[in-house]
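> got a predicted model here, sequence first, then my questions.
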Amino acid sequence: MVKREQPTLLTWHSHRAGDEVLQNALQSLAQEHKVYIRRVLYLIQPQHKNLAKPKIAADIEFNKLILPIDDPTAHLEIYEAVRDKVLPKIINYLPLHINISPGTPAMHTVWLILHAGGAFPNNTILWSSQYDHKTKITRIDRMNFPINTYLAEIRLQASKQPEIAQYDAEYRSPARQNSLLQLSRYARLLGAPLLIIGERGIGKTRLVETHVTRLKQKKKLITVACGTLDSDSGLAESMLFGHIKGAFTGANKDRAGLLKEADGGILFLDEIQDLPKPLQRKLVRIFQDRKHRYRPVGSDKEQETDIEIVCASNRPLDELRKILDADLFDRLSHLIIEIPPLRDCREDLE
């Protein structure tokens, strides 16, 4: 196993002046920025496979990685090659520094696209090297610009919590790409209920747990499996709205209820089509009132809860419209995300 504390430089081979570009970059990093590279991961095309180790310090480890690319100006081809061949390897090359300048303009762009998507390990540093032909001096500058794409946010949080199973955020299929992009826009609209439609087993719950919570910037998530709520509306109402002591036989103490428990976070109503009918009517006001006011069972005093509401269903939208109370459906169906099944996204099975 390669020691992680050794700084690594990841860069493309420069076709015209590869040795000189690499040597100058290493020298400038050390002299100008006090970054002492101990390993180089050098990306080359097949025609350069017999390339000898450049004239760099003997104690710097040099590793070549051949990437077969037919067209060095084709952004997608370069992106897929780096994504599939390079990204799985760089976990063993930390801390990571990337010189984005060598190579074609398309290669430069791909580094930035991957950076904006959060594809590199946390704390990766990007550099841009420039050679002045008049002064014969190479300057290398750190690239500083913030990124805030939804994909970057998701990947950053995933790297911080590797023990949690993640819903893959990057797809090849246009259908799922569009769904995730739409989710990234809708989930940021605070105060508006979000409805996620998708077949059973497609990963709606994982999507909410790993993506929606981050996009809404809420750590607390209270999940209600609507199918498990007792058909007895009284007990189900107590579970959701809470009750006060003495509200009914057996109510020996106050109960906060799931609405209050979700205060400051997200209330996730999973498989909302299974919600008991009496509760559907009682939830209408929660959906339409921005303060989410309600009364616990047995109480004559209103309470408020600061929540984001997310619903999910495995039923098609037209079918869900017929199942739910008309007023409830009207209030939860403004922001709808439909996650397509894998059979319609063959590219994601490759």
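That came through fine.
> quote the end-to-end distance of stretch 316-335.
Taking Cα to Cα, to the nearest Å as the measure, stretch 316-335 stretches 15 Å from start to finish.
> with stretch 208-216 instead?
The first and final residues of stretch 208-216 sit 10 Å from each other (Cα to Cα).
> can you give me the helices in the stretch 51-200 of the chain?
For the stretch 51-200 of the chain, applying DSSP state H, counting those that start in this stretch gives helices covering 75-81, 105-116, 150-160, 174-186.
> got it, and the stretch 251-350 of the chain?
Counting by DSSP H, counting those that start in this stretch, the helices of the stretch 251-350 of the chain are 258-261, 277-288, 317-323, 326-332.
> output the below-cut-off pLDDT ranges for the stretch 201-350 of the chain.
Low-confidence segments of the stretch 201-350 of the chain, defined by pLDDT under 70: 231-233, 345-350.
> relative to helix 105-116, how tilted is the longest strand seen in the chain?
Looking only at the chain and at elements set by DSSP state E, the strand with the highest residue count is strand 125-132. Calculated by axes from the mean of the first three to the mean of the last three Cα atoms, to 10 degrees, strand 125-132 forms an angle of 150 degrees with helix 105-116.
> who does strand 125-132 touch, helix- and strand-wise?
helix 18-33, strand 96-99, strand 137-142 (3 or more Cβ pairs under 8 Å, 6 or more residues apart in numbering; DSSP states H and E). Quick note: C-beta positions are derived from backbone N, CA and C, even for glycine.
> mind checking how far that strand is from the chain centre?
29 Å (Cα atoms, centre = their mean, to the nearest Å).
> quick one, what contacts residue 12?
If a contact means Cβ atoms under 8 Å, 6 or more residues apart in numbering, then residue 12 has 42, 43, 44, 102, 103, 107 as its contacts.
> can you put those in JSON lines and add distance to residue 333, pLDDT and neighbour count?
Shown next, in JSON lines, are the contacts of residue 12 (distance: Cβ to Cβ, whole Å; pLDDT from 0 to 100; neighbours: other Cβ atoms under 10 Å):
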{"residue": "42", "distance to residue 333": "54", "pLDDT": "93", "neighbour count": "21"}
{"residue": "43", "distance to residue 333": "48", "pLDDT": "94", "neighbour count": "22"}
{"residue": "44", "distance to residue 333": "53", "pLDDT": "91", "neighbour count": "17"}
{"residue": "102", "distance to residue 333": "51", "pLDDT": "90", "neighbour count": "21"}
{"residue": "103", "distance to residue 333": "48", "pLDDT": "89", "neighbour count": "22"}
{"residue": "107", "distance to residue 333": "45", "pLDDT": "92", "neighbour count": "21"}
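> sitting in strands, which of the residues you listed do you find?
Among the contacts of residue 12, DSSP E puts 42, 43, 44 in strands.
> hmm, the last one is touching residue 66, no?
By that I understand residue 44. Yes - using Cβ atoms under 8 Å, residue 44 is in contact with residue 66, at 5.8 Å.
> residues contacting residue 227?
Taking Cβ under 8 Å, 6+ apart as the test, what residue 227 contacts is 271, 274.
> ok, residue 130 next?
By Cβ under 8 Å, 6+ apart, the residues touching residue 130 are 101, 138, 139, 140, 141.
> try 7 Å this time
101, 139 (Cβ atoms under 7 Å, 6 or more residues apart in numbering).
> ditto for residue 261
Counting by Cβ under 7 Å, 6+ apart, residue 261 has contacts residue 222.
> next one: it from residue 255, what distance?
Plainly put, residue 261 is 10 Å away from residue 255 if you go by Cβ to Cβ, to the nearest Å.
> same thing with residue 343?
44 Å.
> what sits closest to residue 23 if chain neighbours are left out?
residue 56 (6.0 Å; Cβ to Cβ, 6 or more residues apart in numbering).
> got a pLDDT number for the nearest residue to residue 123 once chain neighbours are set aside?
Nearest non-adjacent residue to residue 123, counting by Cβ to Cβ, 6+ apart: residue 95, 6.3 Å away. The per-residue pLDDT reported for residue 95 equals 91.
> doesn't residue 7 make contact with residue 95?
Yes - between residue 95 and residue 7 there is a contact at 5.4 Å, judged by Cβ atoms under 7 Å.
> give me every residue that touches the closest residue to residue 335 other than its chain neighbours.
Nearest residue to residue 335, sequence neighbours excluded (Cβ to Cβ, 6+ apart): residue 186, at 4.4 Å. Applying Cβ under 7 Å, 6+ apart, we find residue 186 in contact with 194, 335, 337.
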